[in-house]
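> got a predicted structure plus its sequence, pasted below:
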Amino acid sequence: MSLRGGLAIQKGPHCGRRIEPGQARLARMPAEPAYFGKAEAFRRNDAMAGVGNRKGIMAFWNIPGYMNGRGGHIDLIDGARAVCGSDCYWEASGVWFWPLR
């Protein structure tokens, strides 16, 4: 899968390739029909139960205490262990989930 990014890598083996450092833009890319399509959307108190023991991509929106409650985070989750690659923000006001097979 190749995603377009807003920031060009300047040096090293990936010089000239692009990455997307922004959570909002990055989270909208998998939602496009060419990738995964519409995400499963959850509210704060329903996300953990809704994801259950599945693996996938998580986008956390409006995390309290981060950027005045407007910040977000995107991560991979292994639902069987209820752990994200770096951090799960279950207290976020909205969570998007795309299951991976």
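Perfect, I can see it now.
> which SSE is Met58 in?
Assigned by DSSP states H and E, Met58 belongs to strand 55-61.
> which strands or helices does that strand pack on?
Using 3 or more Cβ pairs under 8 Å, 6 or more residues apart in numbering; DSSP states H and E as the contact criterion, the neighbours of strand 55-61 among helices and strands are helix 23-28, strand 73-78, strand 94-99. In this view, the C-beta of every residue, glycine as well, is placed from N, C-alpha and C.
> can these go into TSV with extra columns for mean pLDDT?
Written out in TSV, the entries for the helices and strands packed on strand 55-61 read as follows (pLDDT from 0 to 100):
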stretch	mean pLDDT
helix 23-28	89
strand 73-78	94
strand 94-99	96
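> which one of those is the most hemmed in?
Of all these, strand 94-99 carries the top mean neighbour count, a mean of 19, counting by mean count of other Cβ atoms under 10 Å.
> got JSON lines for the helices and strands packed on strand 55-61, with distance to Arg44 too?
Putting those into JSON lines (distance: least, Cβ to Cβ, whole Å) gives the following:
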{"stretch": "helix 23-28", "distance to Arg44": "17"}
{"stretch": "strand 73-78", "distance to Arg44": "14"}
{"stretch": "strand 94-99", "distance to Arg44": "8"}
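> closest to Lys11 out of these?
For these, distance to Lys11 was read as Cβ to Cβ. The smallest value, 21.9 Å, belongs to helix 23-28.
> from the chain's centroid, how far away is that closest one?
Between the centre of helix 23-28 and the centre of its host chain there is 7 Å, according to Cα atoms, centre = their mean, to the nearest Å.
> what does it contact?
In this structure, residues lying in contact with helix 23-28 by Cβ atoms under 8 Å, 6 or more residues apart in numbering are Leu3, Gly6, Glu20, Ala59, Trp61, Gly71, Gly72, His73, Ile74, Trp96.
> and the pLDDT at Ser2?
At Ser2, the model reports a pLDDT of 62.
> do the one 5 residues further on as well
pLDDT for Leu7: 89.
> for it, name its beta-bridge partners.
The residues listed as beta-bridge partners of Leu7 by DSSP bridges are Ile19.
> can you report how many residues neighbour it?
Around Leu7 there are 11 other residues, counting by other Cβ atoms under 10 Å.
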